[in-house]
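1. Predicted model and sequence follow; I will ask about them next.
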Amino acid sequence: MRPSNRNINQIRPVSIKTDIIKNAEGSCNIKCGNTEIICTATIDENVPHFIRKTGLGWVTAEYGMLPRSTNSRMKRESSRGKQGGRTLEIQRLIGRSLRTCVDRLLLGERQIIIDCDVIQADGGTRCAAITGGWIALKLASDHLVKNQIIDENPIINQVAAISCGIYNDEPILDLDYEEDSNVKTDANFVLNQKNEIIEIQVSAEKDPFSYKDFEKLFELSKGGIEKLIDFQSKAIKSE
């Protein structure tokens, strides 16, 4: 039995509210269980120096956690003078994941910056950030088309992410903090609507795992991401 009492293939309750930040070209609040994140998208007519004069656009991301998003207060990274390694790794993952769903030529020589701010953390923050980040990105892309800044929407795929793990020798889906802290194998899957793999992060926290274990985790993730993509689609259609 899982600590959360959910079935092994059951995701946490999900709710998504769009257009929560009036100043952003795209925004949403995503809740996955007790994990809650605000995702915003900003359209910037400047691009990084390495793609200037290429005609290609860019998607990048920043990620941060509020001081009391966790059980004990975290120091703001600004007070330490630099971002931590975990923060940098997560925001690069978000950026890589979201770039796969954009035709950068259709986007034109501009960038969309996705900001993911964790209000409350209870496991799976990077996955929720990717899932919510896609919604903010899609809304910003719709803004570009609606305002005739570009002719065609550059979004070519739908992207979501979910965590899995092996708890008490049983693969389980969508880990909360208690489960994540006690699994012997920890994995994050980023897939698109075609079940094509964008990125997989998986590690043995205690004992090594078998390929058969990995296949079970992958199958669980596909079912979970299918549900998350449905939540994304409903959130966009409610616009």
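-> That came through fine.
2. Do I have it right that Asn225 meets Lys194?
-> One correction, residue 225 is Ile, not Asn. No. Assessed by Cβ atoms under 8 Å, Ile225 is found out of contact with Lys194, at 10.7 Å. All C-beta atoms are positioned from the backbone trio N, CA, C, and that covers glycine.
3. Spatially nearest residue to Glu152 (excluding sequence neighbours)?
-> Leu106 (5.2 Å; Cβ to Cβ, 6 or more residues apart in numbering).
4. Over to that neighbour: give its phi and psi.
-> phi -70, psi -30 (degrees, to the nearest 10).
5. That one: neighbour count?
-> 18 (other Cβ atoms under 10 Å).
6. so who does it touch?
-> Gly57, Ile150, Glu152, Asn153, Pro154 (Cβ atoms under 8 Å, 6 or more residues apart in numbering).
7. Including pLDDT, could these go into TSV?
-> As requested, the contacts of Leu106 are exported to TSV (pLDDT from 0 to 100):
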residue	pLDDT
Gly57	97
Ile150	97
Glu152	97
Asn153	97
Pro154	98
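8. Give me the buried subset of those.
-> The neighbour-count test (16 or more other Cβ atoms under 10 Å) applied to these identifies Gly57, Ile150, Asn153, Pro154 as buried.
9. Quick one: mean pLDDT for the lengthiest helix in the chain?
-> Assignment by DSSP state H gives helix 211-237 as the longest helix of the chain. Averaging the model's pLDDT scores along helix 211-237 yields 97.
10. Could you list every helix and strand in contact with that helix?
-> strand 14-18, helix 125-146, strand 159-167, strand 170-173, strand 185-192, strand 197-204 (3 or more Cβ pairs under 8 Å, 6 or more residues apart in numbering; DSSP states H and E).
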